[in-house]
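[1] I would like the atomic coordinates for the input below:
(2 chains)
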Amino acid sequence: MKPKFVLVLGTASVLFAAAVVANPARDAIVAGFAAEAGVSAFSAEAGQAMFLAQFTGGKEATPSCTTCHTSNPLAAGRTRVGKPILPMAVSANPDRYTDPENVAKWFRRNCTSVLGRECTAQEKGNFLAFMISQ
Amino acid sequence: MKKLVPSVAIAAMLAVSSLPAQAGSPWVVENTTTKEECSACHMAYPAGFLPERSWRAIMGNLTDHFGEDASLGDAARTEITNYLVALAPKELRNVSPIAVPLRISELRWFRGEHGARRIAQARNDSRIGSISNCAACHRGAERGNFDD
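    All right, here's what the predicted structure looks like:
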């Protein structure tokens, strides 16, 4: 079972690599979410939908990812006090999603702020698939 | 004004009690963890701007940090709290000893210094974003210089 699983993931990474240069650390983070979610691939479309969605369960000031990140992942965002945020898309910011602790910290914080709960491994994987595809 | 050493000018304006003997400046954030974590979203505000009880309150409620979850791991949270508390004054001028101000921008001296017009202007100017974005106007803010 295991070798097959890795192979499928490898294929997914190759697809992502069409848009950006693959990064072993980032691949490992995605693979971790896949293992946790028990899936072999993630949906960039679902990730995009989550990125653009408006939520009501979170904190009032942050109803959407786009509140701070703008709806364009290639563009710089802005924190609520006005400090610039580097683009979310890997093609615009190749260092994105390469530090597992940092990824865990920001998913924890921002899912809580925006959705009012932590995101599932499936949601996190979809989100990264979208950002890697951009 | 411009020639004054900033820490002296600000200290004279704010502090009632003398500042603690702790090594380090209350006007420049020198602790790496504090600088990195706080400045991810906003300028890392220096300890001298709020009394120590305020820093304890802020650092004790990071899951609702001015409307956002800014939670940290225990190690980082403890390090930052200890650093800020060690450099913060016990009391600030014009702040009641029982008040626990959480926003520097709501302190009386801050509103007086900036004025309602400038505060509104900061909010409406897309290059600034909010009056909390010190470094947008005070180019030396991160070095403890707020004189410009």
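[2] Against A:A53, how distant is the nearest residue to B:S132 once chain neighbours are set aside?
    Excluding the flanking residues, the one nearest B:S132 by Cβ to Cβ, 6 or more residues apart in numbering or on different chains is A:V81, at 4.1 Å. Placement of C-beta: from N, CA and C, glycine included. According to Cβ to Cβ, to the nearest Å, A:V81 and A:A53 sit 24 Å apart.
[3] Tell me which of the two has more neighbours.
    Using other Cβ atoms under 10 Å in any protein chain shown as the criterion, A:V81 and A:A53 rank with A:V81 on top: 19 against 13.
[4] just for chain A, where's the confidence low?
    A:1-21 (pLDDT under 70).
[5] And the helices in it?
    Using DSSP state H, the helices found in chain A span residues A:2-17, A:24-37, A:44-52, A:66-69, A:100-115, A:121-133.
[6] Then chain B?
    So, for chain B - with DSSP H - the helices run B:6-14, B:32-38, B:52-59, B:74-87, B:108-124, B:134-137.
[7] Mind telling me which of the ones you listed the model trusts least?
    Note on the helices of chain B: helix B:6-14 shows the lowest mean pLDDT, a mean of 58.
[8] Please give me every residue in contact with B:P97.
    Counting by Cβ atoms under 8 Å, 6 or more residues apart in numbering or on different chains, B:P97 touches B:E91.
[9] One more pass at 10 Å, please.
    Listed by Cβ atoms under 10 Å, 6 or more residues apart in numbering or on different chains, the contact partners of B:P97 are B:16, B:51, B:53, B:90-91.
[10] what subset of the residues you listed is also close to chain A?
    Subset of these in contact with chain A: empty, counting by Cβ under 10 Å from any Cβ of the partner chain.
[11] and of those, the nearest to B:D125?
    B:P51 (30.3 Å; Cβ to Cβ).
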